[in-house]
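Enquirer: need a 3D model of the following:
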Amino acid sequence: MFKVNYVNINVKDSFDYYRPITIKYLADSTETEQGWKYHYKTLFTGILNSLDENKFKSYGIICQKLEIVIDNGDNQPLNLDSIEIKGYEHMLIGRFNKPASYYLVYGKDYENKPNYDLAHFKDKIPNSLISLISLNLGEEQKIEQKEPTIKEPLFKTRIYYGDLSY
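Expert: A predicted model of the protein is given here:
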């Protein structure tokens, strides 16, 4: 599996061309009696042409298979030289002042995000980062959410209506 944010299609032909293109990713599959049926969703649509660069960018999707459909119309098919597929490389940058046990915690969608000084000085982060403290990644630990406990009241009273006894 890989994340796709960018597709660059290099065409070998030197003549002018202008073709609609759709790039799809495999979203789901179903096993039938005739074999597997693949269900694709659209990632990019655009025009493959000799006038511009044939680079397509999107928000990105994690996928396993891509399908590239070029609508040649009544024209002869294009000869492709290469296809370049890229995804953004994500980095976690932090400043650790002293050796300690640090934890990367994720999964709370509605939690307030942290506010660190480093976020206000992005232009001062060096291109080649030097790690003064080596970080060892451990195994992922899933924290199970416990069911909330219902607190019982300290005193319970029984109220009977009818004979007004308490």
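Enquirer: contacts for the lowest-mean-pLDDT helix or strand in the chain?
Expert: Sorting the helices and strands of the chain by mean pLDDT, DSSP states H and E puts strand 55-63 at the bottom, at a mean of 84. Applying C-beta atoms under 8 Å, 6 or more residues apart in numbering, the contact partners of strand 55-63 are 1-9, 21, 23, 25-26, 43-44, 46, 87-88. Bear in mind the C-beta positions are built from the backbone N, C-alpha and C, glycine included.
Enquirer: neighbours around E84, how many?
Expert: Residues within reach of E84, counting by other C-beta atoms under 10 Å, total 10.
Enquirer: tell me what the strand or helix carrying it is packed against?
Expert: Per DSSP states H and E: E84 is located in strand 80-86. Contact here means 3 or more C-beta pairs under 8 Å, 6 or more residues apart in numbering; DSSP states H and E; on that basis strand 80-86 packs against strand 2-11.
Enquirer: how far does the next helix or strand after the strand it packs on sit from the chain's center?
Expert: Per DSSP H and E, strand 2-11 leads on to strand 18-32 as the next helix or strand towards the C-terminus. Distance of strand 18-32 from the chain centroid (C-alpha atoms, centre = their mean, to the nearest Å) equals 18 Å.
Enquirer: could you figure out how far strand 18-32 is turned away from strand 2-11?
Expert: If you take axes from the mean of the first three to the mean of the last three C-alpha atoms, to 10 degrees, strand 18-32 sits at 140 degrees to strand 2-11.
Enquirer: following strand 18-32, which helix or strand comes up?
Expert: From strand 18-32, the next helix or strand downstream (DSSP H and E) is strand 35-49.
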